[in-house]
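Engineer: The sequence isn't on hand, but the structure is:
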């Protein structure tokens, strides 16, 4: 960070997934100073959930809602809190319908009496390109330049569909400091900060392998993280002072390595070199990120396809007492015989030996035999499977029961990754006044370098 430069941009996070802590928006807006509040609502599975929501009839028989509805609940109070504090809000809660969420937000702002300039980013939806009839959603992972364009135009709230998680932080930083689209090192620094923030409380001790090293009383309710981003792209990850959790080199490292596949972290705006990242404990709950180098991004954008894979069912047999292996063999043989007439396309058995010898209670004397079946025909894996399992109640091994009542077949989804030319994706910003602004692709791209990078030195053994 450059001494004497512009004041850092304080960017907070209030959501790591659709269903995260509902009070986090209020906690972050009232817990301390912020310039921007972000929220990540879109896991790959979430896009499938939103696709099914979109395809169902909405209120009063209208169109379905393909966005994260809980965000609207958060904004009933959050819009006013943010406006009072001069905090801008950037979220990907738009899901499959960012325009619909932006419109609903405008209606909400009018109802609660909070003037708010709301913009949205679109162009990620590529479903119309024809990926096959089973594909329910096809969305390109856009970068942060559309968000930056909206903020530079004065938006108070920016709603996006599918963007990379880190774009929610990189976009505001690029807008605030006026970075050029080819300022690779600064952009990479913001991407790394965004990657640390994107999963919420994972950066403050949640899901941390060494959680026993953290003070127990501070882990009752970990706070959400924020980053103080400097003009040079460096940052300090921290949290509001009175919030729970802990920000250490360990917690930041754990999140930094999450969902990464190597030292080059490819993105639509920049390729961040994770092997250049330096982490320093600057003080209690303050970790400095410095030294990040960036390279031009790849010429292709990732497209996430969410498709209907078929139908599935599951039966869990609890086997209690002695001779567990023999019991499992008989149950499996009986079920296989019952399904032989219309055998599902995919049949999988697993036996979890959770039983213990001379167990004091039934639970500790039990193992779980699980059957999972999949097929394109729901009738093949529906009652035909559940009914066959129930019929064994008095006709199979002693001491068994099922973990759940008989169930019908349920649909399951699959996620596939495809790649398209970044220049072919119509990345577009719709400003608060309705003006549509196209977002140019990066000024320079470079195919990922396949040559291996030098391995960093390993730390001393524990």
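Structural biologist: Happy to help now that I have it. Predicted, not measured: the structure shown is a model, and the values here were computed from it. Numbers count the residues shown, from 1 in each chain.

Engineer: now stretch 422-438, how far from the centre of its chain.
Structural biologist: 24 Å (C-alpha atoms, centre = their mean, to the nearest Å).

Engineer: Number the residues from 31 up from this point.
Structural biologist: Understood, numbering begins at 31; the last thing we discussed is stretch 452-468.

Engineer: Compute the first-to-last residue distance for it.
Structural biologist: End-to-end distance for stretch 452-468: 13 Å, by C-alpha to C-alpha, to the nearest Å.

Engineer: average model confidence for the helix or strand where residue 447 lies?
Structural biologist: Under the criterion of DSSP states H and E, residue 447 resides in strand 440-451. The pLDDT scores in strand 440-451 average 97.

Engineer: Tell me where this structure has helices.
Structural biologist: In the chain, the segments counted as helices under DSSP state H are 54-60, 74-85, 99-115, 128-142, 175-182, 197-207, 214-227, 279-286, 354-368, 408-411, 413-420.

Engineer: of all the ones you listed, which lies closest to residue 452?
Structural biologist: The minimum distance between residue 452 and the helices of the chain falls on helix 175-182, with 11.1 Å, by C-beta to C-beta. Heads up, the C-betas are built off the backbone N, CA and C, glycines and all.

Engineer: How about residue 405: which residues does it bridge to?
Structural biologist: Bridge pairing for residue 405 (DSSP bridges) gives the partners residue 341.

Engineer: and it, what is it in contact with?
Structural biologist: Applying C-beta atoms under 8 Å, 6 or more residues apart in numbering to residue 405 gives the contacts 340-341, 374-376, 411.

Engineer: Rebuild these as CSV, extending it with distance to residue 171.
Structural biologist: What follows is the contacts of residue 405, written out as CSV (distance: C-beta to C-beta, whole Å):
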residue, distance to residue 171
340, 26
341, 29
374, 34
375, 32
376, 30
411, 33
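
Engineer: closest to residue 163 among those?
Structural biologist: residue 340 (13.1 Å).

Engineer: ok, now which ones touch the closest residue to that closest one other than its chain neighbours?
Structural biologist: Closest residue to residue 340 apart from its sequence neighbours, by C-beta to C-beta, 6 or more residues apart in numbering: residue 406 at 4.8 Å. Residue 406 is in contact with 340-341, 375, counting by C-beta under 8 Å, 6+ apart.

Engineer: Just the buried ones from these, in ChimeraX syntax?
Structural biologist: Here is the ChimeraX selection string for the buried members of the contacts of residue 406, based on 16 or more other C-beta atoms under 10 Å:
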select :340,341
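
Engineer: What segments of the stretch 381-492 of the chain are strands?
Structural biologist: Using DSSP state E, counting those that start in this stretch, the strands found in the stretch 381-492 of the chain span residues 396-405, 430-432, 440-451, 458-460, 466-468.

Engineer: Which strands and helices lie in contact with the second one?
Structural biologist: Read that as strand 430-432. Secondary-structure packing of strand 430-432 (3 or more C-beta pairs under 8 Å, 6 or more residues apart in numbering; DSSP states H and E): strand 330-350.

Engineer: How far does the strand it packs on sit from its chain's centre?
Structural biologist: Relative to its chain's centre, strand 330-350 lies at 18 Å (C-alpha atoms, centre = their mean).

Engineer: Would you mark the buried spots in that strand?
Structural biologist: Applying 16+ other C-beta under 10 Å to strand 330-350 flags 330-338, 340-350 as buried.

Engineer: show me what contacts the residue lying closest to residue 199 once chain neighbours are set aside?
Structural biologist: Leaving aside its chain neighbours, residue 199 sits nearest to residue 224 (3.1 Å; criterion: C-beta to C-beta, 6+ apart). Contacts for residue 224 (C-beta under 8 Å, 6+ apart) come out as 195-200, 257.

Engineer: Determine which two of those residues are furthest apart.
Structural biologist: Using C-beta to C-beta, the two most remote members of those are 197 and 257, lying 14.2 Å apart.

Engineer: Who has more neighbours out of those two?
Structural biologist: residue 197 (32 against 29; other C-beta atoms under 10 Å).

Engineer: so the more buried one makes contact with residue 299?
Structural biologist: Yes. The pair residue 197 / residue 299 is scored as a contact, 6.9 Å apart, by C-beta atoms under 8 Å.

Engineer: any shared contact partners between those two?
Structural biologist: Taking C-beta under 8 Å, 6+ apart as the contact rule, residue 197 and residue 299 both touch 173-174.

Engineer: Verify the stated contact: residue 129 with residue 151.
Structural biologist: No. With contact defined as C-beta under 8 Å, residue 129 does not reach residue 151; the gap is 9.9 Å.

Engineer: between the two, what contacts are shared?
Structural biologist: Counting by C-beta under 8 Å, 6+ apart, the residues touching both residue 129 and residue 151 are residue 460.

Engineer: Settle it for me: which of the two has more neighbours?
Structural biologist: Under the criterion of other C-beta under 10 Å, the comparison of residue 129 against residue 151 puts residue 151 first, with 32 against 15.

Engineer: Count residues in the vicinity of residue 481, would you?
Structural biologist: Close neighbours of residue 481, defined as other C-beta under 10 Å, add up to 5.

Engineer: let me redo that: residue 478
Structural biologist: 14.

Engineer: ok, the residue nearest to residue 97 when sequence neighbours are not counted to residue 158 distance?
Structural biologist: Spatial nearest neighbour of residue 97, excluding adjacent residues (C-beta to C-beta, 6+ apart): residue 131 at 4.0 Å. Look at residue 131 and residue 158: by C-beta to C-beta, to the nearest Å, they are 20 Å apart.

Engineer: Give me the more crowded residue out of those two.
Structural biologist: Counting neighbours by other C-beta under 10 Å for residue 131 and for residue 158 shows that residue 131 has the greater number, 28 against 7.

Engineer: thought the more buried one was touching residue 84?
Structural biologist: No. The pair residue 131 / residue 84 is not scored as a contact, 11.7 Å apart, by C-beta under 8 Å.

Engineer: Now do the contacts for the closest residue in space to residue 147 that isn't next to it in sequence.
Structural biologist: Closest residue to residue 147 apart from its sequence neighbours, by C-beta to C-beta, 6+ apart: residue 462 at 3.9 Å. Counting by C-beta under 8 Å, 6+ apart, residue 462 makes contact with 147-149, 183-185.

Engineer: And residue 399, by the same measure?
Structural biologist: Neighbouring residues of residue 399 by C-beta under 8 Å, 6+ apart: 346-349, 357-358, 361-362, 379-382.

Engineer: Mind pulling the model confidence for residue 95?
Structural biologist: Reported pLDDT for residue 95: 88.

Engineer: same check, this time on residue 477
Structural biologist: 94.

Engineer: burial measure for the closest residue to it other than its chain neighbours, as a count.
Structural biologist: The shortest distance from residue 477 to any non-neighbouring residue, by C-beta to C-beta, 6+ apart, is to residue 328 (6.1 Å). Residue 328 has 19 neighbours, counted by other C-beta under 10 Å.
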